[in-house]
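Peer 1: I'd like to go over a predicted model; first the sequence, then the structure.
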Amino acid sequence: MNRQNLKARLDAEFPGLVEMPPEFRGETTLVVGNAGRLPEVLRFLERECAFDYLIDISGVDHMNETPRFELVYELYSYGASQHLRAKARVPEESAEVPSACDIWPTANWHEREIFDMMGIRFAGHPDLRRILMWDGYPHHPLRKDFPLEGLPCETPDGHFTQAAPMDGGPFVTRPAELAHQREPRSKSPL
Amino acid sequence: MPDLAERFARHAEAYNASCPEAERLVLNVGPSHPTTHGVLRLVLELDGETIVRAEPDIGYLHRGDEKIAENMTYNQFVPYTDRLDYIAPLANNVAYALAVEKLLGWELPPRGQAIRVICCEMARISSHLLGVGCFGMDCGAMTVFLYTFTERETLYNLIEMLTGARFTTAYTRIGGMTRDLPDGFVPGLRKFLDALPARIDEVDRLLSRNRIFVDRTKDVGVISKDDAVAFGLSGPNFRACGIEFDLRRRHPYLGYEKYDFEIPVGSVGDCYDRYYCRLQEIRESVKILTQVLDSLPDGPICVQDRKGVLPPKDRVLTSMEELIHQFMLVTAGIDAPPGEIYFGHENPKGELGFYICSKGGGVPYRLKIRSPSFVNLSILPKLLSGHMIADVAAILGSLDFVMGESDR
Amino acid sequence: MGTGEYSYNSKVEGNVVLTQLDSAIAWIRKNSLWPMPMGLACCAIEMMAAACSRFDIARFGAEVMRFSPRQADLLIVSGTVTYKMALAVKRIYDQMPSPKWVIAMGACASTGGMYRSYAVLQGIDRLLPVDVYISGCPPRPEALLDGLMKLQSKIERTASTRGIFRAAPA
């Protein structure tokens, strides 16, 4: 199914909801306007457009932008050998999205990971617990305001963390216009 | 053949219904246990010896790779990719470099591509040798492990010759490799490739028709085609279910379309099929490597982009322009365009994908690693329930996961 | 030495080796270390390589890898220790019977290594007493064997009976 075709079908099904930004490196991206309706779009893609395989879900924290978070679903169609990305912004105040677990069981662990790392909740998820950090860890490490070295914490079950010694590092560059602004500087939370 | 996965599920359900809560035993396996190949923890709920519920607990090796990636330039992250799937680091290096090159829109010259194919296939052989050996050991066949590990040592010698390290190689750079093939590498690899098939036959003879091994693996841990797709499996675990899917064939990169190789496919999707797929893939990799060595092109190994790849040292010390490029590359990194890409690579364990969200500059804004082991493990709750506790070792061994990659 | 049957007897000469009890015990201990392989990450692969035929840790009497801490006296912490794993490592160490030794294999186990991040314990010595640190990321199997020999020479110098035969306080 080519781009125009797909866009036409989505427009017919969900008028005004889905946008299709220009292709980048040969990849088609769909931007869903309302994260609450994302699973509907995904279900339509799975049922009607044969995107039967969910490769991955990523969460992105666009700090200082509103809405703050973004969910990125990488889909694949075995029949058509086609890759598709669907994404939607999630506001920080109501960081909750309907779960895609009943469409693809593999979404279960991906959603748990995003909940763990970003703090986005998934409504209707069968078992929304932390997966990489332990239950009761107080932070969401992949948020941009969380420092790389971590924050000291102590949980009642005996687990603890300490801040790692960074000695001023790591030194990273940022995109900027002027050369001196691009120089590597120590990274503090944005 | 009846749908065994479905039968096991029905069996577990009947057990659940007939057995009152109080009669169940909860058994903790791991995080330090010989069958879990690292630090996987399983909480098994047992009725007698039958597993009625299995809950994997991962994250014991979560090291924060994705957060670290947001804090360094693209090239600085290469050594961290070694430690994802530490059984096949060369393949991870290549996968990561290809992903960033996709973002930059670069393509390697032919010799660079051929060397990367050599890297990938060596890594595949190395990974599958360990996978088969460990699986044998999990099922009680110690000898196979010692045989395959001896072969891996030869491979390690070659990798050390190529990269300077046994397995934390950090060999690729964005836009190329650190160095060209050293003298003596090609003959050494040829010698290894000549000797390997005999060893694989030996393993084949030891295991494939061995009654004990067959009894422990046939019809155990059956994954149906539908489940494999629904749970997003990839790699040999996926192909063992009878689906011919290989990213090297479906979306060729690095010139894989030039090489002639088969894609081994299973029929039932049980532990035995997964083992046999791996064994056959070693043979196919030998075929690919022989073809690459026969048709190894000459020429540069890196992208001819002076602003993207470190210039040769003698030029840096003699030419102002090159010195500036070197300085900019080391301090600020490669200037990547804003945008986002996903690149999936056929790693020995399955599809290793990198999602990179760039906002420009030398540092990725977000780098998500789609690791095959993480996804392959997510089928465990469904796969284990209904099996006997002795099958856990066989099933875990046949899935061939690596926790470093699963937990990142 | 009193008189009687324990005194010097020229008839048994040649079958008797006189030594200090301390050094005899130390000699026995150092040559029969039973490691508990705490294989956490990449270093575990090199530890497996050390146990396999090419490097053969059996030459140093340490080939009996026990996955039960109750049967082991040497904990080889090989790999990155995360905070989530740290308490499990500590618990395993506590379950080992004394005397026991710890090898921190590789940069991660020794100092956190290249993982300066929120999830990684910056060196296992924050939780356990470590006897030998092995550098490298990962250390080669030879380095593990070298670390083992260092530990053996440390055990050799241990006076284990000093506490037992101390004179009772007056």
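Peer 2: Nice, thanks for sending it over.
Peer 1: Quick check, central residue of chain A?
Peer 2: Most central in chain A under C-alpha atoms, centre = their mean is residue A:59, positioned 1.7 Å from the mean C-alpha point.
Peer 1: Spell out the secondary structure type for that residue.
Peer 2: Classification of residue A:59 by DSSP: H, G, I helix; E, B strand; the rest coil places it in strand.
Peer 1: what's across from it in the sheet?
Peer 2: Taking DSSP bridges as the rule, residue A:59 bridges to residue A:71.
Peer 1: Need the contact partners of the lengthiest helix in chain C.
Peer 2: Identified as the longest helix of chain C according to DSSP state H is helix C:141-156. With contact meaning C-beta atoms under 8 Å, 6 or more residues apart in numbering or on different chains, helix C:141-156 is reached by C:23, C:26-27, C:29-31, C:33, C:46-47, C:49-50, C:54-55, C:57, C:60, C:62, C:74, C:76, C:101, C:103, C:105, C:131-136, C:139. In short, each C-beta sits where N, CA and C put it, glycine included.
Peer 1: is it true that the residue nearest to the centre of chain A touches residue A:73?
Peer 2: No - contact criterion C-beta atoms under 8 Å: residue A:59 and residue A:73 do not qualify, at 10.7 Å.
Peer 1: Roughly how far does residue B:275 sit from residue B:217?
Peer 2: Going from residue B:275 to residue B:217 by C-beta to C-beta, to the nearest Å gives 6 Å.
Peer 1: who touches both of those two?
Peer 2: Each of residue B:398 lies in contact with both residue B:275 and residue B:217 under the rule C-beta under 8 Å, 6+ apart.
Peer 1: Need the phi and psi values for residue B:336.
Peer 2: The phi and psi values for residue B:336, taken as degrees, to the nearest 10, are phi -90, psi 150.
Peer 1: I figured it was touching residue B:360, is that so?
Peer 2: Yes - under the criterion of C-beta under 8 Å, residue B:336 makes contact with residue B:360 at 6.6 Å.
Peer 1: which one of those two has more residues nearby?
Peer 2: Between residue B:336 and residue B:360, residue B:336 has the larger neighbour count (other C-beta atoms under 10 Å in any protein chain shown), namely 24 against 14.
Peer 1: so who does the residue of chain A found nearest chain C touch?
Peer 2: Nearest residue of chain A to chain C (C-beta to the nearest C-beta) works out as residue A:150 at 2.8 Å. When contacts are counted by C-beta under 8 Å, 6+ apart, residue A:150 is found next to A:139, A:141, A:161, A:162, A:163, A:164, C:117, C:118, C:119.
Peer 1: tally of neighbours for the closest residue to residue C:68 other than its chain neighbours?
Peer 2: In this structure, residue C:68 finds its nearest non-sequential neighbour in residue C:36, 7.7 Å apart by C-beta to C-beta, 6 or more residues apart in numbering or on different chains. Neighbour count of residue C:36, defined by other C-beta under 10 Å: 25.
Peer 1: Any figure for the gap between residue C:36 and residue C:109?
Peer 2: 14 Å.
Peer 1: Residue B:115 too?
Peer 2: Applying C-beta to C-beta, the value for residue B:115 to residue C:109 is 33 Å.
Peer 1: ditto for residue B:285
Peer 2: Computed as C-beta to C-beta, the residue B:285 to residue C:109 distance reads 33 Å.
Peer 1: who has more neighbours, those two?
Peer 2: Between residue B:285 and residue C:109, residue C:109 has the larger neighbour count (other C-beta under 10 Å), namely 30 against 23.
Peer 1: For that one, which residues are in contact?
Peer 2: C:40, C:43, C:77, C:78, C:79, C:80, C:81, C:123, C:124.
Peer 1: And the strands in the chain?
Peer 2: I went with chain A, as the question did not name one. Secondary structure of chain A, counting by DSSP state E: strands at A:18-19, A:29-32, A:53-61, A:69-77, A:82-90, A:96-98, A:121-123, A:153-154, A:160-161, A:171-172, A:185-186.
Peer 1: nope, chain C
Peer 2: C:35-39, C:74-78, C:101-105, C:132-134.
Peer 1: Switch those strands over to CSV; also include mean pLDDT and distance to residue B:265.
Peer 2: Shown next, in CSV, are those (pLDDT from 0 to 100; distance: least, C-beta to C-beta, whole Å):
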stretch, mean pLDDT, distance to residue B:265
strand C:35-39, 87, 33
strand C:74-78, 91, 37
strand C:101-105, 92, 40
strand C:132-134, 93, 44
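Peer 1: now these in TSV, with distance to residue B:172?
Peer 2: Listed next are the strands of chain C as TSV, based on distance: least, C-beta to C-beta, whole Å:
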stretch	distance to residue B:172
strand C:35-39	27
strand C:74-78	26
strand C:101-105	27
strand C:132-134	28
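Peer 1: Quickly list what residue B:173 is bridged to.
Peer 2: If you apply DSSP bridges, the partners that residue B:173 bridges to are residue B:176.
Peer 1: Any regions of chain C where pLDDT drops low?
Peer 2: Residues of chain C meeting the criterion pLDDT under 70: C:1-10, C:12-14, C:162-170.
Peer 1: just chain B next, same as before
Peer 2: Chain B contains residues with pLDDT under 70 at B:1-5, B:8, B:11-12, B:15-22.
Peer 1: Torsion angles phi and psi at residue B:26?
Peer 2: When read as degrees, to the nearest 10, the backbone of residue B:26 gives phi -100, psi 120.
Peer 1: was I right about it contacting residue B:43?
Peer 2: Yes - Residue B:26 is within contact range of residue B:43, at 6.5 Å (criterion: C-beta under 8 Å).
Peer 1: These two: who's more crowded?
Peer 2: Set side by side, residue B:26 and residue B:43 show more neighbours around residue B:43, with 14 against 10, by other C-beta under 10 Å.
Peer 1: so what's the residue nearest to that one when sequence neighbours are not counted up against?
Peer 2: Among residues not flanking residue B:43 along the chain, residue B:55 sits closest, at 4.4 Å (C-beta to C-beta, 6+ apart). Contacts for residue B:55 were tallied using C-beta under 8 Å, 6+ apart; they are B:42, B:43, B:44, B:45, B:381.
Peer 1: how far away is residue B:55 from residue C:132?
Peer 2: 37 Å.
Peer 1: So for the residue of chain A closest to chain C, what's the nearest residue that isn't a sequence neighbour?
Peer 2: Using C-beta to C-beta, 6+ apart and skipping the chain neighbours, the partner closest in space to residue A:150 is residue C:118 (2.8 Å).
Peer 1: now residue A:55
Peer 2: Per C-beta to C-beta, 6+ apart, closest to residue A:55 is residue A:74, 4.0 Å.
Peer 1: Count the neighbours of the one you found for me.
Peer 2: Neighbour count for residue A:74, taken as other C-beta under 10 Å: 24.
Peer 1: shouldn't residue A:67 be in contact with residue A:90?
Peer 2: Yes - here residue A:67 reaches residue A:90: they are 5.9 Å apart, a contact under C-beta under 8 Å.
Peer 1: got any residues that touch both of the two?
Peer 2: residue A:35.
Peer 1: Counting neighbours, go ahead and name the busier of these two.
Peer 2: With neighbours defined as other C-beta under 10 Å, residue A:67 and residue A:90 compare such that residue A:90 has more, 23 against 15.
Peer 1: is the more buried one in a bridge, and if so with what?
Peer 2: Taking DSSP bridges as the rule, residue A:90 bridges to residue A:69.
Peer 1: wait, isn't it in contact with residue A:68?
Peer 2: Yes - taking C-beta under 8 Å as the definition, residue A:90 is a contact partner of residue A:68 at 7.5 Å.
Peer 1: Distance from the chain centre to stretch A:87-104, please.
Peer 2: Averaged C-alpha coordinates place stretch A:87-104 at 9 Å from its chain's average position (C-alpha atoms, centre = their mean, to the nearest Å).
Peer 1: And for that stretch, what's in contact with it?
Peer 2: Contact partners of stretch A:87-104, identified using C-beta under 8 Å, 6+ apart, comprise A:29-36, A:38-39, A:42-43, A:46, A:53-54, A:57, A:62, A:66-73, A:107-108, A:111, A:118-126, B:230, B:232.
Peer 1: PyMOL command for the buried members of those?
Peer 2: Typed into PyMOL, the line below selects the buried ones among the contacts of stretch A:87-104, using 16 or more other C-beta atoms under 10 Å in any protein chain shown:
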select buried, (chain A and resi 29+30+32+35+38+39+42+46+53+54+57+62+68+69+70+71+72+73+107+108+111+118+119+120+121+122+125) or (chain B and resi 230+232)
